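what's the 3D shape of this:
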Amino acid sequence: MKSEENLIRHFRRATESSPELTRALQRGIGDDAAILEKFPGNLVVTTDMLCDGIDFICGKDAPEEIGRKSLAVNLSDLAAMGAAPLAVVISVLLPLDAEKRIGPTAAFAERLFQGLLPTARKFAAAIAGGDTNAWHGDFAISITALGRVEPSRALLRSGARPGDRVLVTGGVGGSIFGRQFRFTPRILEALYLARNHEIHAAIDISDGLKLDAWRLARESGLVCDLDPASIPIHPDLLNPPPDAGRYPGWESEKPALEHALSDGEDFELVLAVPPDEAKRLVDTQPFLSAARGDEKTRRDLEALCREHRFRFTEEDFQKLAEVRLTEIGVFREGTPAETPSEAGWEYRF
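Numbers count the residues shown, from 1 in each chain. Below you'll find the predicted structure:
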């Protein structure tokens, strides 16, 4: 128990020294539960559990990368709802034979925590607490993220309408080569789109473009027809590393388009947008324009950062040039198809 108390004490000091990590809390780490401040809007809650051997590989992937990804995938779910982060609760399950599996526990936990801190600070996600435990198995981490959304601007999967165009916020495929650890959740982009444009529905790409677009269509009672020729294939997929064969799930003989449709963990947003609005967005490319000097869009984005206390640097704003909206299909009436066989990281129970 002494080691657990030391870890908790260390993490508490680390969070309390940073205002972004405590701003949404009346009480944080130290009590039996956290207390959040009152806030306008609806509360949004999501959780994801990530496990060694499935979502990362301890010993190959750095603890910092594991920590960053574990937080970012939860923030991506908030982005898909059009929600701004408030707080996160972090629980870790450590192996009893830690020395063999992950090395010294304290050092591993410290590096894990340091990996998620920059993303938590960037999006002002308060760290409200969590739990630690140990067992006779592999390392696992579970994060529950809480956010807030204006009631009229929540982006649901069920809101797509017949004739809506399918838009995606960036390139897909090849995340297995490392982008799954480096991606930036599209939170600022989602908040901007929900406030300034007519967006009917959204989902983030975790289990593969084809599967997740199908999920959105199913929840809306529609069919999603994707145009293969329009799918924006990410450069990571077109230029695999020389040792690509060592990455799980990579099949060199598989066409790039199939990888793009099914690999998953791209964490871009799939959007259902009315035809005229979709054309405007594709023509104007607001995020690319902001990165290239469009003052109005840049001011709107900066205002959102101030409102939610996001910590975006000039480099972050320049990276918005990578967020290129592409029309890749249409939603139409029809009987939803069976679950696509291209299931990415989807589990089989």
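
do you know how far the spatially most central residue of the chain is from residue 93?
Geometric centre of the chain, nearest residue: residue 76, 2.3 Å, by CA atoms, centre = their mean. Remark: distance between residue 76 and residue 93 (CB to CB, to the nearest Å) = 22 Å. Heads up, the C-betas are built off the backbone N, CA and C, glycines and all.

now swap in residue 129 and tell me
16 Å.

ok, now residue 26?
Residue 26 is 28 Å from residue 93, by CB to CB.

higher neighbour count, these two?
The neighbour comparison of residue 26 against residue 93 (other CB atoms under 10 Å) goes to residue 93, with 18 against 10.

now the strands: where do they sit in the protein?
25-27, 35-36, 42-51, 84-95, 126-135, 140-149, 165-168, 201-204, 223-226, 269-273, 326-332 (DSSP state E).

Looking at those, spot the one closest to residue 15.
Shortest separation from residue 15 across these is recorded for strand 126-135, at 4.6 Å, computed as CB to CB.

Give me the buried stretch members for that closest one, please.
Neighbour counts over strand 126-135 (16 or more other CB atoms under 10 Å) mark 126-130, 132, 134 as buried.

go on, stretch 231-243?
Result for stretch 231-243 [16+ other CB under 10 Å]: buried residues 231-234, 236-237, 240.

now swap in stretch 169-183 and tell me
Buried, per 16+ other CB under 10 Å, within stretch 169-183: 169-177, 179-181, 183.

ditto for stretch 105-120
105, 108-113, 115-117, 119-120.

For it, what does the pLDDT average out to?
On average, the pLDDT along stretch 105-120 is 92.

And for stretch 78-98?
94.

For that stretch, C-alpha coordinates in PDB please.
What follows is stretch 78-98, C-alpha atoms only, in PDB (Å, rounded to 0.1, in the frame of the first residue of the first chain):
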ATOM      1  CA  LEU A  78     -15.900  14.000 -26.700                       C
ATOM      2  CA  ALA A  79     -15.000  15.600 -30.000                       C
ATOM      3  CA  ALA A  80     -17.400  13.300 -31.800                       C
ATOM      4  CA  MET A  81     -20.200  14.600 -29.600                       C
ATOM      5  CA  GLY A  82     -19.200  18.300 -30.100                       C
ATOM      6  CA  ALA A  83     -18.300  18.500 -26.400                       C
ATOM      7  CA  ALA A  84     -15.500  20.300 -24.600                       C
ATOM      8  CA  PRO A  85     -13.500  18.400 -21.900                       C
ATOM      9  CA  LEU A  86     -14.100  19.100 -18.200                       C
ATOM     10  CA  ALA A  87     -12.300  16.400 -16.300                       C
ATOM     11  CA  VAL A  88     -10.900  12.900 -16.500                       C
ATOM     12  CA  VAL A  89     -10.700  10.000 -14.100                       C
ATOM     13  CA  ILE A  90      -7.800   7.600 -14.600                       C
ATOM     14  CA  SER A  91      -7.500   4.000 -13.400                       C
ATOM     15  CA  VAL A  92      -4.600   1.700 -14.000                       C
ATOM     16  CA  LEU A  93      -4.300  -2.100 -13.500                       C
ATOM     17  CA  LEU A  94      -0.700  -3.100 -13.000                       C
ATOM     18  CA  PRO A  95       0.800  -6.600 -13.300                       C
ATOM     19  CA  LEU A  96       1.900  -8.100 -10.000                       C
ATOM     20  CA  ASP A  97       5.100  -9.300 -11.800                       C
ATOM     21  CA  ALA A  98       5.700  -5.700 -13.000                       C
END
